[in-house]
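just the structure for this:
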Amino acid sequence: MEPNILTLPMFPLNTVILPGETKVLHIFEDRYKELVVDCLKNAANFGIPYIENNQLSLYGVEVAIKGIIKTHENGELDIEVIGIAPFKIIQYTKVLKPKLYGAASIEEYEDDMTSSRYKMFRSLKKYIKLAKQKEIPVETFTNVSVYNVAVLLNLTSEEKLELISFPELKQKEDFLIAKLKLFMHMLKAEQQLNGKFWMN
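As a prediction, this is how the structure comes out:
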């Protein structure tokens with residue numbers, strides 16, 4: 001599927017919100033209060049490109065505002081957003097005058113990220129059984145988005161960024177399978193260590 005070319009207002013953050021994932025954001029800067037007001041007024045979404053140490057990544061996720069959780073006396077806002085789709089920045093404008101906030105032209109891919117790959121769900125089943133100590137039917141996880149799996153794994157923002165940067169479903173699945181194997185190895189090591197501690 002060809003990517004959609006869009007222009008979105010941008011709110012760079014040191015976090016990645018995956019498609020389907022929700023998060024509460026505290027809005028205190030004037031430029032981003034203006035962005036939120038404009039998005040609410042126009043029923044528009046905005047983009048969150050990942051930024052770290054003042055370095056802006058080419059990748060981010062479009063989010064929609066689910067609602068305002070709280071309006072503070074000083075005008076600051078708490079809003080709830082939900083991830084919609086990952087994007088790659090084509091051109092970034094730091095300040096889109098006369099607005100205070102920036103915007104970017106982006107490529108957004110809306111391919112179906114639903115996975116039916118048994119190997120990944122078998123690994124996920126083993127991981128959850130190890131973590132929660134209970135059996136869960138593998139059918140519970142078949143035909144769900146790779147992003148749903150990623151949210152279950154509680155990945156770091158850097159790991160989420162790497163995941164959304166892969167254009168193909170298979171690359172995302174391979175990434176998650178490798179993470180599942182690593183997490184299982186770490187869990188087993190931790191459980192063995194705890195077992196030795198109690199035996200002593």
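
shaky segments in the protein?
1-3, 110-111, 133-143, 191-192, 194-200 (pLDDT under 70).

quick one, strands of the protein?
Under the criterion DSSP state E, strands of the chain are mapped to 4-10, 22-27, 46-52, 55-71, 77-93, 102-108, 114-115, 144-145.

tell me which strands and helices the last one is in contact with?
It stands for strand 144-145. Taking 3 or more Cβ pairs under 8 Å, 6 or more residues apart in numbering; DSSP states H and E as contact, the helices and strands that strand 144-145 lies on are strand 114-115. Bear in mind the C-beta positions are built from the backbone N, C-alpha and C, glycine included.

partner strands of the strand it packs on and their direction?
strand 144-145 (antiparallel) (DSSP bridges).

care to break this protein down by domain?
Residue ranges for the domains of the chain, per automatic domain parsing: 4-108, 114-199.

so which elements touch the biggest helix by length in the chain?
Counting residues, the longest helix found in the chain (DSSP state H) is helix 169-199. Helices and strands touching helix 169-199, by 3+ Cβ pairs under 8 Å, 6+ apart, are helix 118-132, helix 146-152, helix 157-165.

pull out the buried positions in the second one.
Same thing as helix 146-152. Going by neighbour count (16 or more other Cβ atoms under 10 Å), the buried part of helix 146-152 is 146, 147, 148, 149, 150, 151, 152.

list the contacts of residue 24.
The contact partners of residue 24, taken as Cβ atoms under 8 Å, 6 or more residues apart in numbering, are 69, 78, 79, 80, 81.
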